[in-house]
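Engineer: Predicted coordinates and the sequence they were generated for:
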Amino acid sequence: MFFLVYVSSSVGLFSEPELTDILEKARENNAKLDITGMLLYKDGNFMQVLEGEEQTVRALYAKIATDPRHRGLIVILQGPQQERQFSDWSMGFRDLKSVDLLSTPGYSEFLNILLTGEEFSSEPARLRSCY
C-alpha cells in the first residue's frame, strides 16, 4: 500500500455545489481505481491524501496536477504504509469553512492552519495528526 499527500491552491474560490461536484466525481473515479483517501478544502486551499497501489496513486496524482482549477501543488508526504487509513470510503471530504465544524467528531485545531506547503515543510510529520 502506498500513500501520497499534497496541498494546492485553487485559482478561485469554489462554491458548495462545485465542491460537491468534485467530491462526487472523485468518489466515482477513485472507486474504479481502488484508491481511497481524504480531501480537505479551506479558503481556496486543498489538502488531499491518496492511498492505493503505488503506480495507480502516482498516475492519479499526475492527472490531478494537470487540472487547471488549482496550482502550486506540493507533495508533503509519500511512501509505503501497512494498511489503508481511509478504507471505509473512496474519498472523504470536509469543507473546513463549514459552520458545523466545531461540532464535528474528531475536530482538531490543526485543521485551522492554512493548507499550504510552508506550514508543513519544516515538520511534515505533523500532517499525520490530522488523520
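Structural biologist: Perfect, I can see it now.

Engineer: As a check, name the ranges of all helices in the protein.
Structural biologist: Counting by DSSP state H, the segments of the chain that form helices are 16-33, 54-65, 118-121.

Engineer: quick one: residue 58 from residue 18, how far?
Structural biologist: Between residue 58 and residue 18 the computed distance is 26 Å (CB to CB, to the nearest Å). For every residue, glycine as well, the C-beta is placed using N, CA and C.

Engineer: ugh, typo on my part, it should be residue 85
Structural biologist: According to CB to CB, residue 85 stands 26 Å off from residue 18.

Engineer: What segments of the protein are strands?
Structural biologist: The residue ranges that make up the strands of the chain, judged by DSSP state E, are 2-10, 36-42, 45-52, 70-80, 92-95.

Engineer: How about the backbone phi and psi for residue 86?
Structural biologist: Backbone dihedrals for residue 86, given as degrees, to the nearest 10, come out at phi -130, psi 50.
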